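>>> Here's a sequence, model it:
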Amino acid sequence: MQTLLSDIRACDVCKEHLPLGPRPVVSAHPKAKIIIIGQAPGTKVHNSGIPWDDASGRQLRKWLDITDDLFYDETKIAIVPMGFCYPGKGKSGDLPPRPECAPLWHQPLFDHMPSLELIILIGQYAQKYYLKQKAKATLTETVKTYHEYLPKYLPLPHPSPRNRFWLTKNPWFDIEVVPVLQQKMREILV
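Presented below is the predicted three-dimensional model:
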């Protein structure tokens, strides 16, 4: 696993497309029981090298109802984005994750984590990649039908402050999905 993580962190396959250059951000361990698959690091995470080290990460940890120490305990929770490096700025936020990363690195990571019990899919890129034709037409529909993907997958919206409107428009998420997410975390991490 350490060789694989070193290879990922040294990856520069798409460097010509990265405005800040390559800095792959990943956290994994063979004992991990949960994997969080998000989109791609933002500029703050690119600069710190710490996954989810931003407002989105604080909101995610609230949803999960876990401490920072537990969140960053790679022996329990692996953090693997769809794109390992900051992809650049788009018209309405960051660009989509680079398409090279997941096909190149995800399966080798999964092969080294035999104890995984839950895959948390954050955002449409992770959901479409892993759920394939089982994903619904919209992220909202996919998240609303989360129970169809359990016990293996649990789809979530992105916890970005930019998603406040979505969260306000979909109060069922906090009422229905977050308690299930927190219960799964307690069951698996005990």
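
>>> Lowest mean pLDDT among the helices and strands of this structure, which one is it?
Here the helix or strand of the chain ranked lowest by mean pLDDT, DSSP states H and E is strand 93-94, holding a mean of 88.

>>> helix or strand right after it?
Downstream of strand 93-94, the first helix or strand assigned by DSSP states H and E is helix 101.

>>> Residue 186 versus residue 61, what's the distance?
As judged by CB to CB, to the nearest Å, residue 61 and residue 186 stand 14 Å apart. Every residue, glycine included, has its C-beta placed from N, CA and C.

>>> tell me the contacts of the residue lying closest to residue 61 once chain neighbours are set aside?
Distances taken as CB to CB, 6 or more residues apart in numbering place residue 71 nearest to residue 61, at 5.3 Å, with adjacent residues excluded. By CB atoms under 8 Å, 6 or more residues apart in numbering, the contact set of residue 71 is 52, 57, 60, 61, 64, 77.

>>> Mind checking which of those residues are in strands?
Taking DSSP state E, the ones among the contacts of residue 71 that sit in strands are residue 77.

>>> Grab the two from the contacts of residue 71 that are most spread out in space.
Maximum pairwise distance in the contacts of residue 71, criterion CB to CB, is 12.1 Å, between 57 and 77.

>>> neighbouring contacts of the longest helix seen in the chain?
Longest helix in the chain by number of residues (criterion: DSSP state H): helix 178-189. Residues from elsewhere that reach helix 178-189, judged by CB under 8 Å, 6+ apart: 33-34, 63-66, 70, 76, 117-118, 120, 146-147, 150, 154, 156.
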